[in-house]
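[1] sequence and predicted structure, then a few things I'm wondering about:
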Amino acid sequence: MIHAALLAVDIGDASFGIPDVFFAIIAIISVVAALRMVTTNNVVHAALYLLVVLAAVAALYIILGAEFVAVTQVMVYIGAVMVLLLFGVMLTRTRIGNETDLNYERRWIGGLVSAALLAVMGYSLWEFFGSEALAADRTPTPTSEVADSIFSTYIVPFEAISVLLLAALIGAIVVARRD
């Protein structure tokens, strides 16, 4: 049996355990891969960095105890969308390799918008959740309840996301087939 002192370390008012350490490691990997994804000049490398980000999100779902969502993340996003994206990159007539003309001289605007979005999201999350913690003794939600809520309560957002993904796919085809 693992001693309780190995599972949690008390630092002041906060207690950090093994899941917190794994969360921090996976979050750092995800942030670094996301930054590399948007800063690389190679389209294939950007797609592979996206794959790392999506896998890290699936790992975070496992840490949170949402195994169904993690498996769905792996099957849908990593399995299907990434394959589609890589095929799209490979089948277009773009050069595979480093693109030198992708640097935009006003990219500071994107950085400013990103910082503003981060500030708004951080403030919103802090105001809404504050110092609340997840209950340690919660039981996982059965898959049938997740399916019932998706296809009854959240059917309109689910279908809206489906239409949005279809529109993005059609737009990608139009851009790729521009002759």
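    Ah, there it is.
[2] break this structure into its domains for me.
    Here the domain assignment for the chain is 4-96, 141-179, based on automatic domain parsing.
[3] quick one: closest of these to Met121.
    Closest approach to Met121 among the domains of the chain is made by domain 4-96 (14.1 Å; Cβ to Cβ). Where you see a C-beta, it was placed from the backbone N, CA and C, and this is true even at glycine.
[4] picking that back up, looking at the domains of the chain, which one is packed in the most?
    Mean neighbours per residue, mean count of other Cβ atoms under 10 Å, is largest over those for domain 4-96, with a mean of 14.
[5] hmm, back to that, now distance to Val120 too, for the domains of the chain, in a markdown table please.
    Shown next, in a markdown table, are these (distance: least, Cβ to Cβ, whole Å):
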| stretch | distance to Val120 |
| --- | --- |
| domain 4-96 | 18 |
| domain 141-179 | 21 |
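[6] of those domains, which is nearest Leu112?
    Between Leu112 and the domains of the chain, the tightest spacing by Cβ to Cβ is seen for domain 4-96, at 14.6 Å.
[7] what pLDDT does the model give Glu67?
    What the model reports for Glu67 is a pLDDT of 82.
[8] ok, now which ones touch it?
    For Glu67, the contact set (Cβ atoms under 8 Å, 6 or more residues apart in numbering) comprises 61, 140.
[9] how much space separates it from Val74?
    Counting by Cβ to Cβ, to the nearest Å, the gap from Glu67 to Val74 is 11 Å.
[10] cool, and Val31?
    For Val31, the distance to Val74 (Cβ to Cβ) stands at 20 Å.
[11] next one: stretch 56-73 to chain centre, how far?
    The chain centre lies 11 Å from the centre of stretch 56-73; the measure is Cα atoms, centre = their mean, to the nearest Å.
[12] equivalent analysis for stretch 73-89, please.
    So, by Cα atoms, centre = their mean, the centroid of stretch 73-89 is 13 Å from its chain's centroid.
[13] same deal with stretch 28-41?
    With Cα atoms, centre = their mean, you get 12 Å for stretch 28-41.
[14] so where does Leu48 fall, helix or strand?
    Under the criterion of DSSP states H and E, Leu48 resides in helix 43-63.
[15] hmm, back to that, quick one: closest of the domains of the chain to Tyr123.
    Closest of the domains of the chain to Tyr123 is domain 4-96, at 19.2 Å (criterion: Cβ to Cβ).
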